[in-house]
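Novice: sequence-free structure coming up:
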Ligand code: SF4
């Protein structure tokens, strides 16, 4: 979400005639698109902003703007301005589409200002996007979240769920496909809630069918799901739609029902295991990836062992693993029984080791199989062309870079650890 918003800010600037500068010294405008999902992300942003003090002093015409989730937190913009008075523009998550007028205001008046809107429902479309991920493109289907997981700041800084109309989503995807993009990732904090605020009624599976109906050869991915909302209709739609990848990101967070209750996730361990089984029974060769957090307040050794058992049984095709860190402004940060940092470290090591061994097994099993790869990048140094299969697994082949943006059938010939190599057939 954050990366895509940076692409939008870049698009607005390019449309105004700016081009990307080589470094901060030569830049006329520096925009920070901050994230506040973790406190250390904020600390890093502050460190990077602070590092510009000298530069700004030596060139008063350089414009420094700070936006994103960090500034949208209550009272944060004022604190930021106090700490770094040289910032010219501080804007919030709901002001992003207005960045052109904010920058013009600064250029015309020379005055610095804070502009934080709380009008999350205005949902202005951003018409300019500087795409950085060719042949892949990110497309928002909705913004915000209603779930209020107890560890998460997102609903406070991104507001309640708002869906883009299916027409706007379809038109954006159509135009991307016409421009040659080959992989579209539909984005939402919880895509399964798509359409709940729209009339006539539509859900995410319906939207997938509409996007799948667009002419052209391209893939559709989506993220992220909420385990409580994944249902049979979604699984059947993934199975039936030829362009939708057989891959589901399914963030379980924990295998312990007690911890899940404290996280306010509104499902039990057994519910998510049943849903994984449902996905595997409906969608042929589905890849299921996940997010897992360890060290949530009150997580006992027994709870953590349940997560390990769950991971062993689920055999995820990939997992993003995290250590819980308290996020000011959330319920979990105030909970008693915060887990000792050393215990968290021990647990994450055990979990990562386990998932690595599962990843290795999946990679070894993949050798000999044929997959369709969309090539994305080329490494000049070692002459390797890299792309992803439907499940998102990276496959490397020795080939020139002409094939970037193309689909090819590849036979996987070797697994070096979890890194896969193949030959085009
Ligand atoms: S569903 Fe995701 S974005 Fe929404 S509150 Fe929970 S963790 Fe945060």
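Specialist: Sure thing, it's come through. Every value quoted in this text rests on a predicted model; they were computed, and no experiment measured them.

Novice: which parts of this structure sit against the ligand?
Specialist: Listed as neighbours of the ligand in the chain under the rule CB under 6 Å from any ligand atom: 145, 147-149, 152, 154-155, 189-190, 226. C-beta: built from backbone N, CA, C; applies to glycine.

Novice: okay, now the nearest residue to residue 151 once chain neighbours are set aside: neighbour count?
Specialist: Closest residue to residue 151 apart from its sequence neighbours, by CB to CB, 6 or more residues apart in numbering: residue 332 at 4.1 Å. When neighbours are counted by other CB atoms under 10 Å, residue 332 registers 20.

Novice: So for residue 332, what's the pLDDT?
Specialist: On pLDDT, residue 332 comes in at 97.

Novice: just to revisit the earlier point, just the buried residues out of the residues of the chain next to the ligand, in ChimeraX syntax.
Specialist: Selection of buried members from the residues of the chain next to the ligand for ChimeraX, criterion 16 or more other CB atoms under 10 Å:
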select :145,147,149,152,154,155,189,190,226
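
Novice: how about a markdown table for the residues of the chain next to the ligand, with pLDDT, distance to residue 76 and secondary structure added?
Specialist: Below are these laid out as a markdown table (pLDDT from 0 to 100; distance: CB to CB, whole Å; DSSP: H, G, I helix; E, B strand; the rest coil):
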| residue | pLDDT | distance to residue 76 | secondary structure |
| --- | --- | --- | --- |
| 145 | 96 | 19 | coil |
| 147 | 96 | 22 | coil |
| 148 | 96 | 19 | coil |
| 149 | 98 | 21 | coil |
| 152 | 96 | 17 | coil |
| 154 | 93 | 15 | helix |
| 155 | 93 | 16 | helix |
| 189 | 94 | 20 | coil |
| 190 | 95 | 24 | coil |
| 226 | 97 | 27 | coil |
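
Novice: Residue 296: which of the residues of the chain next to the ligand is nearest?
Specialist: residue 149 (10.4 Å; CB to CB).

Novice: tell me the contacts of residue 98?
Specialist: 91, 115, 124 (CB atoms under 8 Å, 6 or more residues apart in numbering).

Novice: Tell me the spacing between the first one and residue 62.
Specialist: Spelled out, that is residue 91. 17 Å (CB to CB, to the nearest Å).

Novice: what about the two, which has more around it?
Specialist: Between residue 91 and residue 62, counting by other CB under 10 Å, residue 91 is the more crowded of the two (25 against 19).

Novice: Now that that one has come up, it's in contact with residue 116, right?
Specialist: Yes. Using CB atoms under 8 Å, residue 91 makes contact with residue 116 at a distance of 6.9 Å.

Novice: host element of residue 351?
Specialist: Assigned by DSSP states H and E, residue 351 falls within helix 341-366.

Novice: counting contacts, what elements does that helix pack onto?
Specialist: Counting by 3 or more CB pairs under 8 Å, 6 or more residues apart in numbering; DSSP states H and E, the packing neighbours recorded for helix 341-366 are strand 287-294, helix 301-314, strand 318-323, strand 407-416, strand 419-424.

Novice: Now do the helix or strand that it is followed by, average pLDDT.
Specialist: As assigned by DSSP H and E, the chain's next helix or strand after helix 341-366 is strand 370-379. For strand 370-379, the mean pLDDT works out to 97.

Novice: Let me know the angle separating strand 370-379 from strand 407-416.
Specialist: 80 degrees (axes from the mean of the first three to the mean of the last three CA atoms, to 10 degrees).

Novice: Need the residues that contact strand 370-379.
Specialist: With CB under 8 Å, 6+ apart as the test, strand 370-379 has contacts from 135-136, 182-183, 219, 384-390, 393, 395, 397, 400-401, 403-412, 422, 425.

Novice: Now find how far off-centre it is within its chain.
Specialist: Distance, stretch centre to chain centre, for strand 370-379: 21 Å (CA atoms, centre = their mean, to the nearest Å).

Novice: in it, what counts as buried?
Specialist: For strand 370-379, burial by neighbour count (16+ other CB under 10 Å) applies to 371, 373-376, 378.

Novice: What is the nearest of the residues you listed to residue 85?
Specialist: The nearest one, if we look at the buried residues of strand 370-379 relative to residue 85 and count by CB to CB, is residue 376, at 42.6 Å.

Novice: The closest one and the ligand: what is the separation?
Specialist: 27 Å (CB to the nearest ligand atom, to the nearest Å).

Novice: Now do that residue against residue 157, distance only.
Specialist: According to CB to CB, residue 376 stands 31 Å off from residue 157.
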